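with the input below, show me the fold.
(4 chains)
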There are 4 protein chains.
Amino acid sequence: MKRLPQPLAGVVPPMLTPLEDRDALDCAGLERLIDHLLAGGVHGLFVLGTTGEGPNHSYRLRRELVARTCQIVQGRVPVLVGITDTSFVESIHLARQSAESGADGLVLAPPFYHPPGPPELRAYLEHLLPELPLPLFLYNLPSLTKVSITLDTIRWAMDQPGIAGIKDSSASMIYFHQVRALLPRRPGWTLLIGPEELLGEAVLLGGHGGICGGANMFPRLYVNLFKAAHAGDIPRTRALQDIVGQVADRIYGVGAHASAVIKGIKTAAACLGICGARMAEPFPPFHEAEQRRIEQAVRDLQPLISL
Amino acid sequence: MKRLPQPLAGVVPPMLTPLEDRDALDCAGLERLIDHLLAGGVHGLFVLGTTGEGPNHSYRLRRELVARTCQIVQGRVPVLVGITDTSFVESIHLARQSAESGADGLVLAPPFYHPPGPPELRAYLEHLLPELPLPLFLYNLPSLTKVSITLDTIRWAMDQPGIAGIKDSSASMIYFHQVRALLPRRPGWTLLIGPEELLGEAVLLGGHGGICGGANMFPRLYVNLFKAAHAGDIPRTRALQDIVGQVADRIYGVGAHASAVIKGIKTAAACLGICGARMAEPFPPFHEAEQRRIEQAVRDLQPLISL
Amino acid sequence: MKRLPQPLAGVVPPMLTPLEDRDALDCAGLERLIDHLLAGGVHGLFVLGTTGEGPNHSYRLRRELVARTCQIVQGRVPVLVGITDTSFVESIHLARQSAESGADGLVLAPPFYHPPGPPELRAYLEHLLPELPLPLFLYNLPSLTKVSITLDTIRWAMDQPGIAGIKDSSASMIYFHQVRALLPRRPGWTLLIGPEELLGEAVLLGGHGGICGGANMFPRLYVNLFKAAHAGDIPRTRALQDIVGQVADRIYGVGAHASAVIKGIKTAAACLGICGARMAEPFPPFHEAEQRRIEQAVRDLQPLISL
Amino acid sequence: MKRLPQPLAGVVPPMLTPLEDRDALDCAGLERLIDHLLAGGVHGLFVLGTTGEGPNHSYRLRRELVARTCQIVQGRVPVLVGITDTSFVESIHLARQSAESGADGLVLAPPFYHPPGPPELRAYLEHLLPELPLPLFLYNLPSLTKVSITLDTIRWAMDQPGIAGIKDSSASMIYFHQVRALLPRRPGWTLLIGPEELLGEAVLLGGHGGICGGANMFPRLYVNLFKAAHAGDIPRTRALQDIVGQVADRIYGVGAHASAVIKGIKTAAACLGICGARMAEPFPPFHEAEQRRIEQAVRDLQPLISL
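Predicted coordinates for the structure are as follows:
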């Protein structure tokens, strides 16, 4: 646990899961991806999140990914593991195995099949916490879990030694500021933002950083944006945030379904030679026309990003 | 496969999963529950569905439940197993183990974390079908999966020999009738309704039956309602449907959250001496005041139901 | 008030508003439309509803429509007027003018800009009722008003002498049956269903009829469906309901936006020579390709409907 | 038109509508309110918006309010009038009368009963623009209108000389930044934010100001926040934004329904001696307990605000 900064500030990419086959990791791609991210200056890694298609993999593959990632990272940055699951028991299994592999923290959104009400969510967390061997970050993601973590639950969570912070992917800055206003209650508690289009303002106004999917492609861009906002450099924050907006527009706007963001990132990572574009089921890869649009976008964006 | 009627008509309860502990089946309760359901005349059993808290159990417990259920049922009625999962590989594992245990069919809603778009869902099903050892029933459940199965997908599904029918839990009778209008394309294809409040009209107008959660408590009521509707006895259909409405009002209206229906059924089953009220995580049991309201409801409803 | 049957049973079409220009009634078209509807055997007329594009017209045109409709109908069937408005005062003005013109009843959905909470809706109705010169039908239409009328509000409404019934356009048969179960509290209180795809089952199970938009095109079809269901003739109900499903599929499925239903009905009415297809703002008419699809649909449907 | 700055920057409160009776303006209250706002340094007034309960008033009262407001303001700041309406013709009437009264601009959300699709909205605006005697600001308010103005529509709008800008009340900063990224296409085009909790970041990152409901109570707070953000003073922006967060928490969190914000503001304005708390139908005033919570909140907030 000692390696986890309090708060955990900066850019912590939700790492892609490179695949060779339906149930086979692309181990060389994984190594290249981690090298690419660490070379870009990221402040941590978050595996088995939404962008990592976490819930779509077999448990065997999830365990392998955690073990290999920790082995490659060798403690250079903290590794967080997503243990969100509909099954309490499976969450615990993965948490334990993550600790054994050397991970540094856990990330958990509410169980996402049967949505728990606020007191049910709290009871669930009360049962879960004593079983967890690593610090926990809550994950607010109402669009996928159908549950918004209430401010009362967050107040309660701040009193739990085992809960280290929250990642907010609600995309609501009103909610984000409400959580931010609670931070003085527990110094060192971490508040990270999910949507990368909001990283600049989240950090300018006192958030600690972001879980930016786009950092899989262009880690330096997001790290620079974080640094500019952290330093209070408004013109640079605005300029870099606008490039992030163009990344979203050009890469995430290609697909037609909810998978568009992850497919866009994974396909762009393939264009950049990092790892293959193979998606986990239920997602087929992009069609050729979509792939070509991503290729063109990567070519057009690269000069902007190296600024 | 031979035991599956075409169509599978009647009442197929989504069976409760009796628990002794967080990760331990209540085997005696399971046996009592199955006896109770078969004595009530149900036409099949569906395990590991929404009411069975399927996704909330460990895989170990799921496998045990399937094996024991098949063992107890001994082919007296068809047993369907819910294999809905975010992970393709885990769905396949459970499907195979279900076939080995002697189950008769599989039920699958779309993967429910990352919602697939219509062509993605179809590609996923195309990949899945060759791996399945048993006939598949689709499960339309947009409130929990965030995905509605389109009519185009259903038209396609009717052309797949491995797909035997659909359970529609959209609660939209407009949608249900649109699916029903497609039935002449494939004689023997099954259309079952989810919400028990709609069983009467679903069957009066040509649906084949229902997956009625309330049948865990009062199997005979739902079987009688099915029979009345199937026979075109409108006054009796209306009278029995109204009793079902009272069950919903008195039992499902007690809880405050989305878990209210399942908690209500499981608590009532405990009142009836069938199995304990223990819920799978993330759900704590009802508080005492809620339990007493369920007890009273069961007492008040029983005279109506034995009519 | 004397002409209003209790309950008001049968088919009460939400009448199209024929337009000659942006703010000019098509008076000849109105006369032809009313003749067509009455010749088809409808049991009442509802003007200025959703299908009548009520809120989209100027108040001047609304008043003129009410006056002319009452003049043409001459008491042959009851005329109901939609007075739904965001402004209390304008609702009252229209209600009074409707009474002066000889209308028989009023229809009101909750104010639809700022959605009232349940106690606010009740207070509003308490203030409104004493000002109304005609019996009121509530109108439940959550998709457009963002407000669902609660069962508690309906229980209260049944105790108000000035409230004569409800039109439910929620499209939820679960809700419809919950309302239906309250009917014994006040004999003569009217329960009508909005979506015509649900008319059959609504009447089979005890509802009083429907506000069927499609009756503007084919009044006899909906009247026959009502009669079949009212008589308990299940095979005929099913057959006619399936033709209604085809009307919906072929006519309402042409447009791409929420306006598709109204545009489809108005364009089909134009094909049938009843009135022009001009829509009220904000809706432009169908493009030519869409018009041709409607023409073809009308040609294909007519042989079915005259059965 | 000459008085309208390009862009219209700063704080433009959506002015409360003081009422003496259901259909009677509180003229003395109106005068005090305008004095209070102008003394607080606001940069314009927006009457008949959401906070002004615009659609809830009779047209007579709306006309009177516009005329009196223009008379009192005497050109000291621009006056914008909300003409959002379900009826095209009534929007035009109010626009013309606003111009005659001396207003400076118009604000229009999409018609909010039947939601138009994107091409329908554009056709509607194409028909409307030639009829408008004053520059138009679009108003994006999907929570109440059920329609989000697409980026394509905004691109088109920027090419229309008669459209001067947009107020975005989507509460999505992702959307806001997407619109902001289009601003270089037309210098002088105005982008204002609706939710006051987002004013700081909206202006820090390049938006022009906000339509802040809370400015009815505490105009100086919002003007100071705007100035701090405009000057790039991050610590002061954060401090003032946090006070705005407390206003929201203490004043807007009292009510239980969607009316909570407007009721909170109007009740607080009454506590401050500005105008009465009477709401337009369908909203009853707060109960006494709620009123006392507002009184206490105003007392607690005042020392913070005068900082």
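
show the backbone phi and psi for A:Pro141.
That one is not Pro; residue A:141 is Leu. phi -150, psi 60 (degrees, to the nearest 10).

now do the contacts for the closest residue to A:Ile251 other than its chain neighbours.
Spatially, and ignoring its direct neighbours in sequence, A:Ile251 is nearest to A:Gly264 (4.1 Å; Cβ to Cβ, 6 or more residues apart in numbering or on different chains). For the C-beta atoms, the positions are set from N, CA and C on the backbone; glycine is no exception. Contacts of A:Gly264 were listed using Cβ atoms under 8 Å, 6 or more residues apart in numbering or on different chains, and they are A:Ile251, A:Tyr252, A:Gly253, A:Val254, A:Gly255, A:Ile294.

repeat for A:Leu144
A:Thr50, A:Ala109, A:Phe112, B:Tyr113, B:His114, B:Lys146.

what do you get if the cut-off is 10 Å, keeping everything else the same?
A:50, A:55, A:84, A:109-110, A:112, A:169, A:258, B:112-115, B:146 (Cβ atoms under 10 Å, 6 or more residues apart in numbering or on different chains).

what about it, which helix or strand?
Applying DSSP states H and E as the criterion places A:Leu144 in helix A:142-145.

can you report phi and psi for the residue lying closest to A:Pro142 once chain neighbours are set aside?
Sequence neighbours aside, A:Ser148 is the residue nearest to A:Pro142 in space, at 4.3 Å (criterion: Cβ to Cβ, 6+ apart). When read as degrees, to the nearest 10, the backbone of A:Ser148 gives phi -100, psi 130.

relative to the whole chain's centre, how far out is the longest helix anywhere in chain A?
In terms of residue count, the longest helix belonging to chain A (DSSP state H) is helix A:288-305. In this view, helix A:288-305 has its centroid 23 Å away from the chain centroid, taken as Cα atoms, centre = their mean, to the nearest Å.

what residues of it count as buried?
Neighbour counts over helix A:288-305 (16 or more other Cβ atoms under 10 Å in any protein chain shown) mark A:Glu290, A:Gln291, A:Arg293, A:Ile294, A:Ala297, A:Val298, A:Leu301, A:Ile305 as buried.

how about stretch A:6-24?
Those would be A:7-19, A:23, for stretch A:6-24 by 16+ other Cβ under 10 Å.

where does A:Thr84 land in three-state SS?
Put simply, A:Thr84 is coil when judged by DSSP: H, G, I helix; E, B strand; the rest coil.

now do the phi/psi pair for the residue of chain A found nearest chain D.
As assessed by Cβ to the nearest Cβ, chain D sits closest to A:Glu201 within chain A, at 3.8 Å. With angles defined as degrees, to the nearest 10, A:Glu201 sits at phi -70, psi -30.

for the stretch 201-307 of chain A, which segments count as strands?
A:209-210 (DSSP state E, counting those that start in this stretch).

and the longest helix of chain A, what's its mean pLDDT?
Across helix A:288-305, the average pLDDT comes to 96.

by contact count, what packs against it?
Applying 3 or more Cβ pairs under 10 Å, 6 or more residues apart in numbering or on different chains; DSSP states H and E, we find helix A:288-305 packed against helix A:219-230, helix A:234-247, helix A:260-271.
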